[in-house]
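> just the structure for this:
(2 chains)
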There are 2 protein chains.
Amino acid sequence: MKSEDILKGLRDRDPRGIGRAISLVEENDPLADEILSSLDHSLIDQTTILGITGPPGAGKSTLTDRIITKYRSQGRRVGVIAVDPSSPISGGAILGDRVRMMGHALDQDVVVRSMATRGRLGGLCAAAGAAMRILAAGGCSIIIIETVGVGQSEMDIIRIADITALVLAPGLGDDIQAMKAGLLEVADILIVNKADCAGADTLAMDMESIARESGSKDKDKAKVCMTVASEGKGIDDLIAAIEAVDASHRESGERRTRRDRAYDLEVLDWALEMIKPSIIERINAWDHDRKGAPRRHAAKLLEQECLRISE
Amino acid sequence: MKSEDILKGLRDRDPRGIGRAISLVEENDPLADEILSSLDHSLIDQTTILGITGPPGAGKSTLTDRIITKYRSQGRRVGVIAVDPSSPISGGAILGDRVRMMGHALDQDVVVRSMATRGRLGGLCAAAGAAMRILAAGGCSIIIIETVGVGQSEMDIIRIADITALVLAPGLGDDIQAMKAGLLEVADILIVNKADCAGADTLAMDMESIARESGSKDKDKAKVCMTVASEGKGIDDLIAAIEAVDASHRESGERRTRRDRAYDLEVLDWALEMIKPSIIERINAWDHDRKGAPRRHAAKLLEQECLRISE
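Presented below is the predicted three-dimensional model:
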């Protein structure tokens, strides 16, 4: 397989070609650099990148499915990156498959890609950034990046998306209450899904009051969208809210600021990825005793000689 | 505050001294290197590091509380690191406070520390490793590292713990089923908490069958511990299971292998942390156009000159 064929597949909007290109980058194939360098990188600027995050059980997949349907009805091609808590051993991706099995399995204009967090010591920004650039080159104008769980991957998503939506649902327990505070401050759109369940209104009020108190939000941003994704309820209002945030970000320059920050994070992430193998090589080659402070060992290792990337 | 005072506080097993030392390391204070280098690093080898992981709502905090009680009754000093999905803006740590508020708030021999994942592009290994070394120097012989959520931080924990326990509970929804598979393969101990709730037996059978099929486990390891942490049920059996795994790992050499791997990860993580500021500095100083492939930009940046850590 030549990079020309891959690039042709992208231009032809062939979903399998898109998938292959992303795989080559993920596997750090020798062709990866050539593919990434040859992409039309102006296309990513024409996309909207929507991050969807929230705890397990909030109904993110169903909601994502509904959002996809909406954008498809506008004739837009949709790319989905499902960040998966997949197995570090089998490498099996789970979420992506589930998304794929939903309503859009046969739709050639919905390109779903799962991305494992397995084995990554570094951030997700380089890999997800590359995937988004490939999806854009393959004709997607909406890119949805979805993650399960809390912590690192969510924060990365907030860093690389234009707009981040946080989905919660009533009755998910104490941990969820605990994790809300941090995300509420940074999410652009707040959603209570399963809004027909007991406790939904209380949850929405709690979220609004926390979001307001954080001080980082104006009144509009602290407003919560109520959805029942399984029945398709509230989706039109949600899409309207997303579009309003997008318009406001474009007008204020926030979109440009976020894109620039994301670009720099991609560069940083790639640089760290590139430098990592040579550090690992040195650690493995070094007959260290594994006594004493690891921090000192690291400093010595870096001082020994200056580090070049191995090309 | 001098590093001598901090180190004296550690030797005196003063919980506040321990907390201060960890804070200085987390804040990358100039004293951090001195403190870490002056620790008695032989003490960490005498500890048992227990990772507890699982999705929100599984009852990890309650379970951790019960495990602490058990180890305290054996006269052991317990350190707890709660990895928090905390706010990237306010920096508020939430989980740790909750653990602290439980049964052991006044017990000087339970040292709870929360550790935020905020702002980290890199792994958690350096920060958590340093905290564990400080806890060990402060007299803790059991160190529990607990995390909420799935994905990166859990995998990091599995990498740095001697023994990892995965806690699930019935009725937590589809996402949870999806995330089980990956963790089931790597966890040493499988726990169904809230075992008195409907669906517990089915969940346990599912877990056992997935764990067996993964092929990476012998029969003993695929056995699930049933607990009702809120009533203290099943905790004795769980502690026995932990001790059995520990003994088996010591005999087989698995403990040493894991410790060596964790040490090298700490070194790698520190090296990346140390090199990151100089890369960020170069990205900020560089008048790049943010067009084209970020990967190419990163490669150029690294090629421009060899990178030294700034000391």
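
> what about the helices in the stretch 1-150 of chain A?
Using DSSP state H, counting those that start in this stretch, the helices found in the stretch 1-150 of chain A span residues A:3-11, A:15-26, A:31-38, A:60-73, A:95-101, A:125-137.

> quick one: mean pLDDT for the fifth one?
Right, helix A:95-101. For helix A:95-101, mean pLDDT rounds to 51.

> re earlier: ranking the helices of the stretch 1-150 of chain A by burial, who's on top?
Each of these was scored by mean neighbour count; the highest is helix A:125-137, a mean of 26, by mean count of other C-beta atoms under 10 Å in any protein chain shown. For the C-beta atoms, the positions are set from N, CA and C on the backbone; glycine is no exception.

> compute the inter-axis angle for it and helix A:3-11.
Angle, helix A:125-137 to helix A:3-11, by axes from the mean of the first three to the mean of the last three C-alpha atoms, to 10 degrees: 70 degrees.

> and helix A:125-137 with chain B, contact?
Yes: residues of helix A:125-137 are located near chain B by C-beta under 8 Å from any C-beta of the partner chain, namely A:C125, A:A126, A:G129, A:A130, A:R133.

> that helix: how far from the chain's middle?
10 Å (C-alpha atoms, centre = their mean, to the nearest Å).

> what is the rounded mean pLDDT of that helix?
On average, helix A:125-137 scores 91.

> restrict that helix to CA atoms and write it as CSV.
Extracted in CSV, the C-alpha atoms of helix A:125-137 (Å, rounded to 0.1, in the frame of the first residue of the first chain):
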residue,chain,number,x,y,z
CYS,A,125,-3.8,15.2,21.5
ALA,A,126,-1.4,14.0,18.8
ALA,A,127,-3.3,10.9,17.9
ALA,A,128,-6.7,12.5,18.1
GLY,A,129,-5.5,15.5,16.2
ALA,A,130,-4.1,13.4,13.4
ALA,A,131,-7.4,11.4,13.2
MET,A,132,-9.4,14.6,13.0
ARG,A,133,-7.2,16.0,10.2
ILE,A,134,-7.7,12.7,8.3
LEU,A,135,-11.5,12.8,8.9
ALA,A,136,-11.5,16.4,7.6
ALA,A,137,-9.5,15.4,4.5
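
> between helix A:31-38 and it, find me the angle.
60 degrees.

> can you tell me which residues contact A:L43?
Residues near A:L43 by C-beta atoms under 8 Å, 6 or more residues apart in numbering or on different chains: A:R133, A:A136, A:A137.

> from the residues you listed, which is closest to chain B?
Closest to chain B out of the contacts of A:L43 is A:R133 (7.5 Å), distances taken as C-beta to the nearest C-beta.

> which non-adjacent residue is nearest the closest one?
Nearest residue to A:R133, sequence neighbours excluded (C-beta to C-beta, 6 or more residues apart in numbering or on different chains): A:I44, at 5.1 Å.

> likewise for A:G292?
Leaving out its chain neighbours, the residue that sits closest to A:G292 by C-beta to C-beta, 6+ apart is B:H41, at 5.4 Å.

> could you check how far A:Q108 is from chain B?
For A:Q108, the distance to chain B equals 25 Å [C-beta to the nearest C-beta, to the nearest Å].

> how about the nearest residue to that residue, chain neighbours excluded?
A:Q108 sits nearest to A:P15 (C-beta to C-beta, 6+ apart), 5.9 Å away.

> pretty sure that neighbour is touching A:A105, no?
No: at 11.3 Å, A:P15 does not count as touching A:A105 under the criterion of C-beta atoms under 8 Å.

> where does chain A have its least confident helix or strand?
One helix or strand of chain A scores below all others by mean pLDDT, DSSP states H and E: helix A:95-101, with a mean of 51.

> stretch A:22-35: how far from the chain's middle?
Averaging C-alpha positions (C-alpha atoms, centre = their mean) puts stretch A:22-35 19 Å from its chain's average.

> give me the residues contacting it.
Counting by C-beta under 8 Å, 6+ apart, A:1-3, A:6-7, A:21, A:36, A:113, A:115, A:127, A:130-131, A:134-135, B:293, B:295-296, B:299 sit against stretch A:22-35.

> where do the strands sit along chain A?
Assigned by DSSP state E, the strands in chain A fall at A:48-53, A:78-84, A:110-116, A:142-147, A:163-168, A:189-192, A:224-226.

> could you dump those strands to CSV with mean pLDDT, mean neighbour count and distance to chain B?
Conversion of those to CSV gives the following (pLDDT from 0 to 100; neighbours: other C-beta atoms under 10 Å in any protein chain shown; distance: least, C-beta to the nearest C-beta, whole Å):
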stretch, mean pLDDT, mean neighbour count, distance to chain B
strand A:48-53, 93, 25, 11
strand A:78-84, 85, 28, 7
strand A:110-116, 82, 24, 9
strand A:142-147, 90, 26, 7
strand A:163-168, 92, 26, 11
strand A:189-192, 94, 25, 15
strand A:224-226, 95, 21, 18
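
> would CSV of those with distance to B:D29 be doable?
Shown next, in CSV, are the strands of chain A (distance: least, C-beta to C-beta, whole Å):
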stretch, distance to B:D29
strand A:48-53, 32
strand A:78-84, 33
strand A:110-116, 36
strand A:142-147, 33
strand A:163-168, 32
strand A:189-192, 36
strand A:224-226, 40
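
> closest one to A:E303 among those strands?
strand A:110-116 (34.5 Å; C-beta to C-beta).

> what is that closest one packed up against?
helix A:15-26, strand A:78-84, helix A:95-101, helix A:125-137 (3 or more C-beta pairs under 8 Å, 6 or more residues apart in numbering or on different chains; DSSP states H and E).

> mind listing what's buried in the longest helix seen in chain A?
Ordering each helix of chain A by length in residues (DSSP state H) puts helix A:254-285 first. Buried positions in helix A:254-285, judged by neighbour count with 16 or more other C-beta atoms under 10 Å in any protein chain shown: A:254-255, A:258-259, A:262-276, A:279-280, A:282-283.

> from those, list the ones also adjacent to chain B.
Filtering these for proximity to chain B (criterion: C-beta under 8 Å from any C-beta) leaves A:259, A:263-276, A:279-280, A:283.
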